[in-house]
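In: Got a predicted model here, sequence first, then my questions.
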Amino acid sequence: MDLTSVAKDSFYVTVGFGVLAVNRAQAARQDLRKALDSQLGDARTNVERLSGNVDERLKVLEERLETLSEQLESAYETFEQRIEKVLDEVEDRMPESARELVRSARSAAKEASGTLRDLVGREGRAA
């Protein structure tokens with residue numbers, strides 16, 4: 001055998017192994033990319049599903065809070081009516097001079113209560 005022939009064969013074998021290595025690296029890269037794309041797609045799907053669940057639960061919570069707010073408002077109005085009735089009865093039993101003071105105090109309290117409700121109502125809607 002000729003030394004030139006051995007050197008050529010060695011060179012060709014080395015180049016062949018290099019080409020095989022590059023092909024394997026490319027195949028591994030493509031497999032890895034497919035796996036990552038699949039996992040990323042699964043992760044996106046899971047995030048979208050969880051986001052939907054959170055949105056649904058928030059809607060239910062908002063509905064429940066709205067119902068609770070309405071119930072509290074109704075209970076407050078009932079309570080307020082009862083208090084007014086009791087105060088009317090107490091006022092009727094008072095002497096005339098004291099009645100005027102109580103009426104003035106009740107009027108001021110109603111006005112302050114209305115102002116406070118308006119402020120709280122605006123703040124609640126803004127939030």
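Out: Nice, thanks for sending it over.

In: so how many other residues sit close to residue 87?
Out: 15 (other C-beta atoms under 10 Å). C-beta: built from backbone N, CA, C; applies to glycine.

In: And the helices in this structure?
Out: 3-93, 96-126 (DSSP state H).

In: on contacts alone, who are the packing partners of the shortest one?
Out: The one in question is helix 96-126. helix 3-93 (3 or more C-beta pairs under 8 Å, 6 or more residues apart in numbering; DSSP states H and E).

In: quick check: angle from the helix it packs on to helix 96-126?
Out: 170 degrees (axes from the mean of the first three to the mean of the last three C-alpha atoms, to 10 degrees).

In: chain center to helix 3-93: distance?
Out: Taking C-alpha atoms, centre = their mean, to the nearest Å, the mean C-alpha location of helix 3-93 is offset from the chain mean by 12 Å.

In: which ones are touching the nearest residue to residue 99 once chain neighbours are set aside?
Out: Once flanking residues are discounted, residue 99 sits nearest to residue 91: 5.5 Å by C-beta to C-beta, 6 or more residues apart in numbering. With contact set as C-beta atoms under 8 Å, 6 or more residues apart in numbering, residue 91 has these partners: 99, 102, 103, 106.

In: And the pLDDT at residue 91?
Out: Looking at residue 91, its pLDDT reads 89.

In: hang on, the earlier thing: hey, least reliable of the helices of the chain by pLDDT?
Out: helix 96-126 (a mean of 83).

In: Cheers, nothing more for now.
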